[in-house]
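> Generate coordinates for the sequence data below:
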Amino acid sequence: MKVLICDDEALARERLARFLRDMEGYELVGEAENGEDALIQVARLQPDVVLLDLRMPVMDGLECAEKLAQLPEPPAVIFCTAYDEHALAAFQVQAVGYLLKPVRREQLVEVLERATRVNRAQLDAVKRTGEDVRENGRSHITAKTHRGIELIPVDDVRYFLADQKYVTVRHGKGEVLIDETLKDLENEFGCRFIRIHRNALLALHFLDGLELVAPGQYQVRIKGIEERLVVSRRHLPDLRETMQKL
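Have a look, this model is predicted:
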């Protein structure tokens, strides 16, 4: 698989190049210093993958990716950026890979293996993200893990559970920790989740039932998982009322 690196920082390019030289099945075919240079190199070298920095002079990574998407057979694009998940939340597109600098070799291997080709519809979704977030809330939760940036579809989240300064996001394939507040999540996704405890928000479409476990003590069943969550007395009336409407 042919790979092109595009980054305005020489040290960042050299780090990625060093990893690629040691990886079987990948060939570094060229380097570019900005998006405009990358477009020229792509036309000449026809890479399968472009490792693309986000912030660059002349032409940034997003504009470059938009132009690449107009090609008949665009390369897969993987964004490599020094910015954290709050900036990366603008790029909630599953088909694109995201790596935080300094990139680690194992992260690069993983994202290259799952990289798919960017298309016009996906990049249009990127440009609409700001408006969509304001109107409907995010479509994905962004989490930093040892694998890099993970995007969890909100539709796949079973619950949010607060524990001190972090919130656990329980989804279909496991769980991740995010550095957000339960209150902010409730404000953003209040129409899709319900507060059942001071430390828990439950996804309504995964609510499977209410169980009495002791006098005055209830817990909820959650579709697809064995775990149960405790319902506080304070939030029990609202939960019962909501269940009647489902």
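> can we go C-alpha only for contacts and neighbour counts from here?
Fine.
> The residue most central in space within the chain sits in which helix or strand?
Nearest to the mean C-alpha position of the chain, counting by CA atoms, centre = their mean, stands Leu151 at 2.2 Å. Following DSSP states H and E, one finds Leu151 within strand 148-153.
> Which other helices and strands does that strand contact?
Using 3 or more CA pairs under 8 Å, 6 or more residues apart in numbering; DSSP states H and E, the elements in contact with strand 148-153 are strand 97-100, strand 140-145.
> Dig out what Arg195 forms beta bridges with.
Counting by DSSP bridges, Arg195 forms beta bridges with Leu201.
> Wait, it touches Leu202, no?
Yes. At 6.4 Å, Arg195 counts as touching Leu202 under the criterion of CA atoms under 8 Å.
> mean confidence score for the strand holding Leu151?
Strand 148-153 comes out with an average pLDDT of 80.
> buried stuff in that strand?
For strand 148-153, the neighbour count (16 or more other CA atoms under 10 Å) marks Gly148, Ile149, Glu150, Leu151, Ile152, Pro153 as buried.
> Could you pull up the residues touching the fifth one?
Yep, that's Ile152 we're talking about. His140, Ile141, Thr142, Ala143, His171 (CA atoms under 8 Å, 6 or more residues apart in numbering).
> Once you drop chain neighbours, what's closest to the last one?
In this case it means His171. Of all residues not flanking His171 in the chain, Val157 sits nearest, at 4.3 Å (CA to CA, 6 or more residues apart in numbering).
> domains of the chain?
Following the assignment in automatic domain parsing, the chain carries domains at 2-132, 153-245.
> Leu11: which element?
With DSSP H and E as the test, Leu11 turns up in helix 10-21.
> got a list of contacts for that helix?
Ile5, Cys6, Asp7, Tyr26, Glu27, Leu28, Glu31, Pro102, Val103, Arg105.
> if we go to 7 Å?
Helix 10-21 is contacted by residues Ile5, Asp7, Tyr26, Glu27, Leu28, Arg105 when judged by CA atoms under 7 Å, 6 or more residues apart in numbering.
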